[in-house]
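Peer 1: this is the structure alone, sequence omitted:
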C-alpha cells in the first residue's frame, strides 16, 4: 500500500491523559467539531451536539462529579477487568478533566435514529482532526452522566456519549498495540485471510 495521509494520522493517534498547561487555540477545536459535522448519520439526523468548556470552575465541578462516580465503580469492579485496570495504572482519579485546557461534552439526541452510532462516527472524525492539529485527547464516558448534564444545563432528550479533554499532550505512554489487518479481516468467508491476495 502507498502512503495514505488518513492512515498515517490513525497510526500516530493515541489516547492522551496528561496535558501541558499550554493554551489551545479554540479555533482549532472548532475546526475539529466542524469536521465531525461532516460525518454520516442515520436518516441524516445529525444528532450530535457539543458543549465546549474552558471555564476552570465548571471543569473542576465536572471532575468532582465524575470522580465520585468512578470511586463507586472502582469499589465494585473485580476479576480480570480490575487486574487490567490496575496493571495500567488506572484509578478513579481523573485529573485530565481539569488539567486539559478544553473539555468538549459530546451529546446525542436520543430521539434521532441510530443516534449513538452516528455520534460515535463523528467522534472518530474529531479524533483524526485533533491529531492533524497536534492536539491530544481521550474519549472518556462516566457510567452515570446525569450530574454532568445538569452542571451545564443540558435539556432532556440528550445523552452524554463522551467527554473529550483536549490539549497538548505530555503523555509519554506508548500507543497500545493494534492487531494487524490480517488478524481482523477475511475475504469472502470467515477465516480466509486477505494476505493470500
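Peer 2: The structure has been received and is ready for your questions. Model, not experiment: these values are computed from the prediction.
Peer 1: check which helix or strand covers the nearest residue to residue 36 once chain neighbours are set aside.
Peer 2: Spatial nearest neighbour of residue 36, excluding adjacent residues (Cβ to Cβ, 6 or more residues apart in numbering): residue 122 at 3.9 Å. Heads up, the C-betas are built off the backbone N, CA and C, glycines and all. Using DSSP states H and E, residue 122 falls within helix 115-132.
Peer 1: pLDDT on stretch 63-71, on average?
Peer 2: The average pLDDT for stretch 63-71 rounds to 95.
Peer 1: residues in contact with that stretch: which ones?
Peer 2: Residues from elsewhere that reach stretch 63-71 (Cβ atoms under 8 Å, 6 or more residues apart in numbering): 91-95, 97-98, 140, 142-144, 147-148, 151, 163.
Peer 1: among those residues, which are in helices?
Peer 2: 97-98, 147-148, 151 (DSSP state H).
Peer 1: so what's the residue count around the residue nearest to residue 36?
Peer 2: When counting by other Cβ atoms under 10 Å, one arrives at 24 neighbours for residue 122.
Peer 1: hmm, it is touching residue 34, no?
Peer 2: No: using Cβ atoms under 8 Å as the test, residue 122 is too far from residue 34 to be in contact (10.8 Å).
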